[in-house]
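[1] the following comprises the amino acid sequence and a computationally predicted model.
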Amino acid sequence: MSDDMLSPTPETPPYALTIASSDSGGGAGIQADLKTMTRLGVYGGSVIVGVTSQNTRGVTGTHVLPSETVRTQFDAVADDFDIGAIKLGMLATAKAVETVAECLSDSDAPIVVDPVMVATSGDRLLDEDAIDAYDDIFAQATLVTPNADEAAELTGHVPDSPEATREAADWFFERGADAVLLKGGHVETGDGTVADTLVTRDETTTFTNPRVDTDRTHGSGCTLSSAIAAGLARGDDLETAVERGIAFTRAALAAPADVGQGAGSVNHLADFGDG
Ligand SMILES: Cc1ncc(COP(=O)(O)O)c(N)n1
């Protein structure tokens, strides 16, 4: 081992925190979040809300940690680290959603909310009665990143036209969110593209890219929201963080990991330009 490896250059990397659940298979959840943050040059910490027993075929069990354990993890991190951004993933129950909302009110870091409800495998990841509790989280969100199904379930609007997209975004604004990224992956455009639309109170920006033709999409939403949080922790403005987050997620989709017997997942080892 060289001396260089024994004495790394001291430096202070940007720090981002994921508050989400573990995916034992490693494609989504906390594991996807930390891999993404690492690939994007950000030191990732985690508050684990739940533990799923999961592989590429589906979810066989979920264990949600006690609220106190969620709170003490958050306090341990908040007491010690300079948190540059927070990303929320699978929160599972109304109680966990309430606990996380309380934790967030003690933080001034930007918050990216991936409102995880159902896995790509079709397994439900959020109790029905937890949806209302999300209002206290949306009120503190810098950005919410619903896919079309999540937007439809939450807002009653399927965001497949500019008008419906605006109405869906307005639903989040009414609850206090600063911005919404309506992801287009679940919307058929008919021309081989995917349009992801970033809506703030005064601007709408659409990112249109060729559709990556793959069914190995497990982990794509987790990857995108953590890539955006990583960008914000690095100091990117929201639009740049979203644009770079989409680019990283597309790279991870274009080089899917052929792991497991079911639908594979995105590949966090994918080549990605300048990272
Ligand atoms: C722990 C956890 N968090 C999030 C997802 C959603 O990911 P996907 O919709 O890609 O299956 C998941 N399956 N598991």
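    Yep, it's here.

[2] for this structure, what spans make up the helices?
    Using DSSP state H, the helices of the chain run over residues 3-6, 29-39, 67-80, 94-104, 135-138, 148-155, 162-174, 220-234, 238-254.

[3] those: which one's closest to residue 117?
    Closest approach to residue 117 among those (CB to CB): helix 148-155, 5.4 Å. Every residue, glycine included, has its C-beta placed from N, CA and C.

[4] and that closest one, what other elements does it pack with?
    Identification of packing neighbours for helix 148-155 by 3 or more CB pairs under 8 Å, 6 or more residues apart in numbering; DSSP states H and E yields helix 162-174.

[5] chain center to the helix it packs on: distance?
    From the chain centre to the centre of helix 162-174 is a distance of 20 Å (CA atoms, centre = their mean, to the nearest Å).

[6] what parts of the stretch 1-150 of the chain come near the ligand?
    By CB under 6 Å from any ligand atom, the residues of the stretch 1-150 of the chain that approach the ligand are 20-21, 23, 28-29, 52, 54, 89-90, 116, 119-120, 125.

[7] can you add neighbour count and pLDDT and give these back as JSON lines?
    Output for those, formatted as JSON lines (neighbours: other CB atoms under 10 Å; pLDDT from 0 to 100):
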{"residue": "20", "neighbour count": "30", "pLDDT": "98"}
{"residue": "21", "neighbour count": "27", "pLDDT": "98"}
{"residue": "23", "neighbour count": "27", "pLDDT": "98"}
{"residue": "28", "neighbour count": "30", "pLDDT": "97"}
{"residue": "29", "neighbour count": "29", "pLDDT": "98"}
{"residue": "52", "neighbour count": "25", "pLDDT": "98"}
{"residue": "54", "neighbour count": "26", "pLDDT": "96"}
{"residue": "89", "neighbour count": "28", "pLDDT": "98"}
{"residue": "90", "neighbour count": "26", "pLDDT": "98"}
{"residue": "116", "neighbour count": "24", "pLDDT": "95"}
{"residue": "119", "neighbour count": "20", "pLDDT": "88"}
{"residue": "120", "neighbour count": "19", "pLDDT": "83"}
{"residue": "125", "neighbour count": "23", "pLDDT": "96"}
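
[8] residues contacting whatever residue of the stretch 1-150 of the chain ends up closest to the ligand?
    In the stretch 1-150 of the chain, the residue that lies nearest the ligand is residue 29 (2.9 Å; CB to the nearest ligand atom). Neighbouring residues of residue 29 by CB atoms under 8 Å, 6 or more residues apart in numbering: 20, 21, 22, 23, 52, 54, 89, 90, 219, 222.
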